[in-house]
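Colleague: Give me a model of this one.
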Amino acid sequence: VGTGAKRYITSQFEDMGTNVILIQPGKTDKKTAAGPPVSSSKGKLTLSDVEALLKNAQSLSAVSGVMFGAGVVKNDQSTYYVNILGANEQLNRIFNVNIIEGSYFTKEDEEAGKRVVVLGYNIKQNLFGSETALGKLVKVNESEHRVIGIIKPSGDKLGFNMDEMVFIPTKSALRLFNSDRLFGIRASAKSRIGMDDAVSELTAILKERHNNEEDFTI
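Modeller: Predicted structure coming up:
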C-alpha cells in the first residue's frame with residue numbers, strides 16, 4: 001500500500017495539463033520534485049473540505065476528494081490484485097479518464113456512496129474476457145460493487161497503470177477502508193493564468209475551516 005501510494009503522489013503528472021492542483025494533508029516546507037508528503041499525523045482533509053471548496057471556490061472548475069489503497073477485485077472466475085481509487089463524479093474533468101463502455105459515476109452515485117465500480121481495461125479483460133462486464137457484480141475487498149463502466153486502454157498515467165485500476169465513489173472508498181480521512185484533494189483551476197488566484201482562494205477556504213491553520217500542502 002505504501003509503495004503504491006508513494007508512486008501515486010510522487011509522479012510528475014505528465015500530460016495532465018497545467019491547471020491541476022494537488023492538496024495533501026500535513027504541511028511541508030520542502031520544495032521538491034517529489035511533491036507533498038504522502039501522509040502526516042498532523043492535518044486532516046475530509047469530504048466536508050471538498051464540499052466547502054465545491055460550494056465557495058469561484059476559481060475552480062472541478063474538485064474531488066481522493067481515497068487511495070491496494071486491494072482485491074474478484075468475480076466467480078478470477079481474482080485480481082489492484083489499486084483502488086475513490087473519487088467523485090468530477091475526477092474525469094480534472095484528469096482525462098476516458099470511458100469506452102458504460103459511464104462514469106454520477107453526482108447521485110457519489111452522494112449516496114453507491115457500490116458501483118469503473119474497471120480498468122486489463123481488469124475487465126482478466127475478470128470477464130470477451131463477455132460484457134456492464135451490470136455484473138464484482139467484489140472489491142469483499143464488498144459487492146456493480147460494474148457501470150470500463151476505462152479506455154490508457155497505459156501509464158498519473159504514476160500508475162490506469163488499466164490496472166478500479167474507481168469507486170469516494171464515500172464507498174471511505175467505507176471500504178474504514179476511514180474518515182481523505183488521501184488528498186484534487187482540483188483544477190478554470191484557467192492556466194488563474195492558477196495563483198485559485199491556489200490563494202482554496203488556501204483561504206481550507207484555512208478558515210482548519211482553525212486558521214495551514215495544515216495541508218498544495
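Colleague: after the lowest-mean-pLDDT helix or strand in the chain comes which helix or strand?
Modeller: Here the helix or strand of the chain ranked lowest by mean pLDDT, DSSP states H and E is helix 2-10, holding a mean of 61. The first helix or strand that comes after helix 2-10 along the chain, using DSSP states H and E, is strand 20-25.
Colleague: what packs against that next one?
Modeller: Strand 20-25 is packed against strand 184-189, helix 195-209, strand 216-217, with contacts defined by 3 or more C-beta pairs under 8 Å, 6 or more residues apart in numbering; DSSP states H and E. Where you see a C-beta, it was placed from the backbone N, CA and C, and this is true even at glycine.
Colleague: how about 6 Å then?
Modeller: Using 3 or more C-beta pairs under 6 Å, 6 or more residues apart in numbering; DSSP states H and E, the elements in contact with strand 20-25 are strand 184-189, strand 216-217.
Colleague: Any idea which of those strands gets closest to residue 22?
Modeller: Ranking the helices and strands packed on strand 20-25 by proximity to residue 22 (C-beta to C-beta) places strand 184-189 first, at 6.1 Å.
Colleague: how big is the angle separating the closest one from strand 20-25?
Modeller: On the basis of axes from the mean of the first three to the mean of the last three C-alpha atoms, to 10 degrees, strand 184-189 is oriented at 150 degrees to strand 20-25.
Colleague: Can you give me the pLDDT of the closest residue to residue 207 other than its chain neighbours?
Modeller: The spatially closest residue to residue 207, leaving aside those adjacent along the chain, is residue 214, at 5.5 Å (C-beta to C-beta, 6 or more residues apart in numbering). Turning to residue 214, the model gives it a pLDDT of 92.
Colleague: Next: residue 11.
Modeller: We have a pLDDT of 52 for residue 11.
Colleague: My read is that residue 67 contacts residue 175, right?
Modeller: No - the pair residue 67 and residue 175 fails to qualify as a contact (C-beta atoms under 6 Å) at a distance of 9.7 Å.
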